[in-house]
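**Q** I need the structure of the sequence given here:
(one chain, ligands or ions: 1)
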Amino acid sequence: MKVALLGFGTVGKGAAGIIDQGRDKDTAGLEIVRILKRTPADDPRITLDYQDIEACDVELVAECMGGLEPAHTYVRKALEAGRHVVTANKKMLAEHYMELAELAKEKNVRLLFEATAGGGIPWMAALRRVRRIDDVESFRGILNGTTNYILSAMTDEGLDFGEMLKKAQELGYAEADPTDDIDGYDVRYKTVLSAVAAFDAAVRPATVPALGIRHISAADIAWGKENNRIVKLIAAGEKKDGRLSLYVMPQFLHDSDVMARIGKNFNGVEAVSTTLGPSTYIGQGAGSLPTGHAMVQDMLTIAKGEEVTAYEASAAEVDNSGVEKCFYIRTARPEVFAAVRAENAGADAFVTKRMGLNDLLALIEKAADPELFAAVVAD
Ligand code: HSE
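**A** Numbers count the residues shown, from 1 in each chain. Below you'll find the predicted structure:
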């Protein structure tokens with residue numbers, strides 16, 4: 001099957017390398033005939049003009065440009081022209097899921113997005129497989145390689161946040177603007193797309209609460225260690241009693257939790273489903289070849305005409321009113337939290353009594369402390 005590649009950065013080079021070098025003989029039927037890039041390069045397939053992509057004879061467009069525009073417009077055009085699309089662009093797809101999925105359905109083409117969440121882990125494929133038999137009740141996971149790399153180094157080696165962020169950027173894990181990684185927005189997009197695959201629910205990304213790790217300190221990590229806990233940035237989703245809860249927050253996990261042991265740039269995701277119970281998937285969550293691998297897997301699914309069930313999502317609303325936890329807070333405005341404070345956790349830090357996530361978010365907004373760090377203390 002002939003493929004046009006939109007974007008030739010970290011992920012695009014990974015996918016093209018896997019196909020061009022035929023690392024897996026199964027990829028022999030895939031051929032990249034055109035590559036859209038922003039700057040010239042020494043490869044006859046490269047063009048700087050999207051019209052060359054529109055004019056070429058391909059059945060499949062693989063988008064890994066990143067960002068909202070022009071990626072969204074190009075993906076729309078590809079679907080309108082009756083081309084299958086695979087994308088690694090979590091931000092664009094999470095923002096436009098329903099519109100693009102409906103267009104793909106109307107045109108009777110595939111829109112696959114394995115590479116958007118979990119890097120090389122076949123997370124979307126695992127959910128599809130689980131759902132052939134089960135309903136998914138909940139999922140939780142580490143879905144950002146950059147922050148896991150940083151948190152693991154801070155926890156295991158006592159290394160510095162800024163230094164590890166720089167290394168994660170050099171290794172090609174971080175987004176062009178690492179704000180998306182460290183403030184939890186990257187995981188928010190991945191949570192939205194996981195909810196599509198797990199629950200057939202498409203929510204607006206801005207409605208998923210996302211707190212990141214920007215203000216984590218060595219003191220927070222140390223509190224975790226004293227209490228046999230390890231902090232990870234966790235995506236959580238659950239469908240229960242007619243409510244869809246979705247949120248992204250650091251969590252102090254018990255150090256015996258399998259998720260707490262997932263280090264480096266690795267991701268790990270767990271789905272809980274009716275007859276299987278919990279199933280956990282671990283693998284490289286970011287980087288050129290692992291993410292390229294996920295894209296090529298989607299291309300193969302299409303090229304081989306494999307049946308893809310699920311992805312019949314409808315627009316849905318986030319409802320976190322049933323989420324109750326104890327929370328760890330470090331803030332210069334502790335007085336705002338006086339009514340929910342349960343125990344001290346070192347200088348400027350405390351653990352709350354069990355309380356609703358929505359109530360906590362309201363207090364955080366009221367505190368308006370730009371340096372505040374908040375995390376779930378896992379049950
Ligand atoms: N910046 C992302 C991460 C890339 O660190 O996980 C993979 O989606």
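
**Q** how near is the closest residue to the ligand within the stretch 251-379 of the chain to Leu244?
**A** Taking C-beta to the nearest ligand atom as the measure, the stretch 251-379 of the chain has Ala286 as its residue closest to the ligand, at 3.7 Å. The way it works is simple: take the backbone N, C-alpha and C, and place the C-beta from them, glycine included. Ala286 sits 27 Å away from Leu244, taking C-beta to C-beta, to the nearest Å as the criterion.

**Q** compare those two (neighbour count), which wins?
**A** Between Ala286 and Leu244, Ala286 has the larger neighbour count (other C-beta atoms under 10 Å), namely 28 against 18.

**Q** wait, is the more buried one part of a helix?
**A** No. If the criterion is DSSP: H, G, I helix; E, B strand; the rest coil, then Ala286 is coil and not within a helix.

**Q** let me see the confidence value for it.
**A** Per-residue pLDDT puts Ala286 at 89.

**Q** give the contact list for it.
**A** When the contact criterion is C-beta atoms under 8 Å, 6 or more residues apart in numbering, the partners of Ala286 are Gly119, Asn144, Gly145, Thr146, Gly172, Tyr173, Asn265, Asn267.

**Q** ok, which of these also contact the ligand?
**A** When these are filtered against the ligand using C-beta under 6 Å from any ligand atom, the residues retained are Gly119, Asn144, Gly145, Thr146, Tyr173.

**Q** can you tell me which of these has the most neighbours?
**A** For the ones next to the ligand among the contacts of Ala286, neighbours tallied by other C-beta under 10 Å; top is Asn144, 35 neighbours.

**Q** quick one, phi psi at the residue of the stretch 251-379 of the chain closest to the ligand?
**A** Backbone geometry at Ala286, expressed as degrees, to the nearest 10, gives phi -160, psi 170.

**Q** and the pLDDT for Thr309?
**A** On pLDDT, Thr309 comes in at 67.

**Q** where do the helices of this structure begin and end?
**A** Secondary structure of the chain (DSSP state H): helices at 10-20, 50-55, 71-80, 90-107, 123-131, 145-157, 161-170, 179-182, 185-199, 218-226, 288-303, 357-367.

**Q** check those helices for me: which has the lowest mean pLDDT.
**A** Ranked by mean pLDDT, those end with helix 161-170 in last place, scoring a mean of 88.

**Q** which residue is the nearest non-sequential neighbour of Ala88?
**A** Distances taken as C-beta to C-beta, 6 or more residues apart in numbering put Ala115 closest to Ala88, at 3.7 Å, once the chain neighbours are dropped.

**Q** what's the neighbour count on the one you found?
**A** The number of residues packed around Ala115, counting by other C-beta under 10 Å, is 29.

**Q** deepest of the helices of the chain, which one?
**A** When these are scored by mean count of other C-beta atoms under 10 Å, the highest mean neighbour count falls to helix 185-199 (a mean of 27).

**Q** so is it next to the ligand?
**A** Yes. With C-beta under 6 Å from any ligand atom as the criterion, the ligand is reached by helix 185-199 at Asp186.

**Q** geometric centre of the protein: which residue is closest?
**A** Lys190 (2.9 Å; C-alpha atoms, centre = their mean).

**Q** what sits against that one?
**A** With the criterion set at C-beta under 8 Å, 6+ apart, Lys190 makes contact with Lys90, Ala94, Thr116, Ala117, Gly118, Leu143, Asn144, Ala235.

**Q** let me know the closest of those to the ligand.
**A** Nearest to the ligand, judged by C-beta to the nearest ligand atom, of those is Asn144 at 4.2 Å.

**Q** pLDDT at that closest one, what is it?
**A** Confidence at Asn144, expressed as pLDDT, is 96.

**Q** what's near enough to touch the closest residue to it other than its chain neighbours?
**A** Of all residues not flanking Asn144 in the chain, Val187 sits nearest, at 5.0 Å (C-beta to C-beta, 6+ apart). Going by C-beta under 8 Å, 6+ apart, Val187 touches Leu143, Asn144, Thr147, Ala210, Leu233, Ala235, Val248.

**Q** what residues does the chain have near the ligand?
**A** If contacts are counted using C-beta under 6 Å from any ligand atom, the residues of the chain sitting beside the ligand are Gly119, Asn144, Gly145, Thr146, Tyr173, Ala174, Glu175, Asp181, Asp186, Gly285, Ala286, Thr291.

**Q** now the two most distant members of those.
**A** Greatest spacing in the residues of the chain next to the ligand, by C-beta to C-beta: Asp181 and Thr291 (14.1 Å).
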